[in-house]
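Colleague: Show me how the following folds:
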Amino acid sequence: MEQYDSLIVGGGIAGLQAAIQLGRYEHRVLVLDAGYGRSTLCKSYHNLLGWPDGVSGDELRRLGKLQAEKLGVSFVIDEVVQAVNKGKPGDGFELWGKSGKSYEAPTVLLATGLMDRMPELSKLKACLGLTVYVCPDCDGYEIRNRQTIVMGSGDAGAGMAVKLSDRTDKLIYVNHGHRVISKELLEQLRQKRVTYVLADIQEVIAEEAQGAFRGVLLANGERIEAERGFIAFGGNEVKSDLARQLGAERMENRHIMTDPRSKMTSVPFLWAAGDVGVHAEQVTIAMGEGAQAAIWMNKALTMLKEETNVNRVIVRS
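Modeller: Next comes the predicted model:
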């Protein structure tokens with residue numbers, strides 16, 4: 001079995017940035033990537049330094065992988081499903097993928113992210129990041145003064161509509177699934193003059209090739225036109241099960257707790273970065289956390305190597 005200094009689980013934005021940083025330290029790094037994730041769905045990130053016209057998640061991943069590979073970082077397409085701590089801190093970790101292969105290293109970074117929950121509506125994914133969005137902090141700017149539909153469910157969708165109401169006064173919230181909304185949020189929707197529609201969405205209306213959102217067709221046959229859309233269904237899948245297997249502390253919503261300075265989890269030599277952690281879910285923050293974690297992983301690897309060298313000297317003596 002090939003020996004690595006670090007295993008990075010997840011080839012998205014946080015994982016790639018960490019890989020680049022660790023590669024520049026000349027560590028032996030393997031990125032284990034399932035091949036899909038939140039970033040693969042986004043057709044354009046609009047709020048990144050140096051990309052004023054936007055850049056897709058796929059393009060960022062492609063460029064990041066090329067950059068990491070030039071630094072000697074290795075990549076494997078495999079979905080890690082099981083993880084164990086091999087013993088006392090410093091002994092390392094062993095991970096198993098769906099492929100049946102196992103991987104070992106003294107340090108591990110979990111950059112497994114999350115996936116937004118959304119119904120399977122035709123043409124919806126083609127618009128993500130272009131004219132339909134998930135993050136109000138990232139893309140609230142894109143809907144300013146535009147006719148916008150929040151496609152959501154219950155309090156999650158209502159809360160999103162309230163948050164976006166300062167960006168446009170042409171806002172419609174469609175409660176797909178007819179989930180109950182709290183009295184407080186209903187009152188806020190009324191005060192913010194958000195049009196509230198209790199109905200299921202049959203399909204998204206869009207020019208799919210251009211990713212241009214045009215509205216929704218409801219199950220009752222009604223058509224609602226719009227220029228922009230947001231999704232907010234709640235219950236996103238936080239991919240932190242490996243952290244659970246290794247005993248790392250998680251919040252009730254399954255996001256992984258980390259040290260704010262080092263991004264190390266409650267388990268020594270296990271780090272987490274990006275959307276799987278506790279923070280604002282933005283690509284720029286994922287990049288920063290990936291680099292931050294890698295810096296401290298390098299410190300740990302340097303310490304482990306120094307301890308190994310000392311032990312060798314003692315044995316020879």
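Colleague: what domains does the record give for the protein?
Modeller: According to automatic domain parsing, the chain comprises the domains 6-116+236-316, 124-232.
Colleague: Tabulate those domains (a markdown table), appending mean pLDDT and mean neighbour count.
Modeller: Using the backbone N, CA and C atoms, a C-beta is placed for each residue, glycine as well. Converted to a markdown table, the domains of the chain look like this (pLDDT from 0 to 100; neighbours: other CB atoms under 10 Å):
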| stretch | mean pLDDT | mean neighbour count |
| --- | --- | --- |
| domain 6-116+236-316 | 93 | 19 |
| domain 124-232 | 97 | 19 |
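Colleague: Output the contacting helices and strands for the helix or strand harbouring residue 30.
Modeller: In the assignment (DSSP states H and E), residue 30 maps to strand 29-33. Identification of packing neighbours for strand 29-33 by 3 or more CB pairs under 8 Å, 6 or more residues apart in numbering; DSSP states H and E yields strand 6-9, helix 13-24, strand 74-77, strand 102-105.
Colleague: Report the inter-axis angle for the lengthiest helix in the chain versus strand 29-33.
Modeller: Using DSSP state H, we find that the single longest helix of the chain is helix 283-316. With axes from the mean of the first three to the mean of the last three CA atoms, to 10 degrees applied, the angle from helix 283-316 to strand 29-33 works out at 140 degrees.
Colleague: how far off helix 13-24 does helix 283-316 point, in degrees?
Modeller: Using the same axes, to 10 degrees: helix 283-316 against helix 13-24 is 40 degrees.
Colleague: picking up where we left off before, what's in contact with the next helix or strand after the strand holding residue 30?
Modeller: Going down the chain from strand 29-33, the next helix or strand is helix 38-41, by DSSP H and E. Residues outside helix 38-41 that contact it (CB atoms under 8 Å, 6 or more residues apart in numbering) are 12-13, 57-58, 60-61, 113-116, 125, 128-129, 275, 283.
Colleague: Going by distance to residue 176, which of those wins?
Modeller: For these, the closest approach to residue 176 (CB to CB) belongs to residue 116, at 14.0 Å.
Colleague: For residue 180, see how far away that closest one is.
Modeller: From residue 116 over to residue 180 the distance is 21 Å, taken as CB to CB, to the nearest Å.
Colleague: returning to that earlier point: other SSEs contacting the longest helix of the chain?
Modeller: Looks like helix 283-316 contacts helix 13-24, strand 107-110, strand 270-272 (3+ CB pairs under 8 Å, 6+ apart).
Colleague: Against which helices or strands is the longest one packed?
Modeller: Applying 3+ CB pairs under 8 Å, 6+ apart, we find helix 13-24 packed against strand 6-9, strand 29-33, helix 57-70, helix 283-316.
Colleague: Identify whichever of those lies nearest to residue 191.
Modeller: helix 283-316 (31.4 Å).
Colleague: now the angle from that closest one to helix 57-70?
Modeller: 20 degrees.
Colleague: Pretty sure residue 81 sits against residue 97.
Modeller: Yes - counting by CB atoms under 8 Å, residue 97 is a contact partner of residue 81 at 6.7 Å.
Colleague: Residue 2 in helix, strand or coil?
Modeller: For residue 2, the assignment made with DSSP: H, G, I helix; E, B strand; the rest coil gives coil.
Colleague: That one and residue 104: what is the separation?
Modeller: Applying CB to CB to residue 2 and residue 104 gives a distance of 9 Å.
Colleague: Residue 131 now?
Modeller: Note on residue 131: its distance to residue 104, by CB to CB, is 45 Å.
Colleague: what's the answer for residue 188, then?
Modeller: 52 Å.
Colleague: for residue 119, same thing?
Modeller: 40 Å.
Colleague: And for residue 23?
Modeller: Distance from residue 23 to residue 104, by CB to CB: 19 Å.
Colleague: so residue 206 sits in a strand?
Modeller: Yes - assessed by three-state DSSP, residue 206 belongs to a strand.
Colleague: what are the bridge partners for it, then?
Modeller: Residue 206 forms beta bridges with residue 213, as assigned by DSSP bridges.
Colleague: That one touches residue 214, doesn't it?
Modeller: Yes - between residue 206 and residue 214 a contact is recorded at 5.6 Å, counting by CB under 8 Å.
Colleague: correct me, but residue 116 touches residue 235?
Modeller: No - assessed by CB under 8 Å, residue 116 is found out of contact with residue 235, at 9.4 Å.
Colleague: who touches both of the two?
Modeller: In contact with both residue 116 and residue 235: no residue, using CB under 8 Å, 6+ apart.
Colleague: Out of the helices and strands packed on helix 13-24, flag the one nearest residue 141.
Modeller: Of the helices and strands packed on helix 13-24, nearest to residue 141 by CB to CB is helix 283-316, at 14.3 Å.
Colleague: Pull the distance from that closest one to the chain's centre.
Modeller: Helix 283-316 has its C-alpha centroid displaced from the chain centroid by 25 Å (CA atoms, centre = their mean, to the nearest Å).
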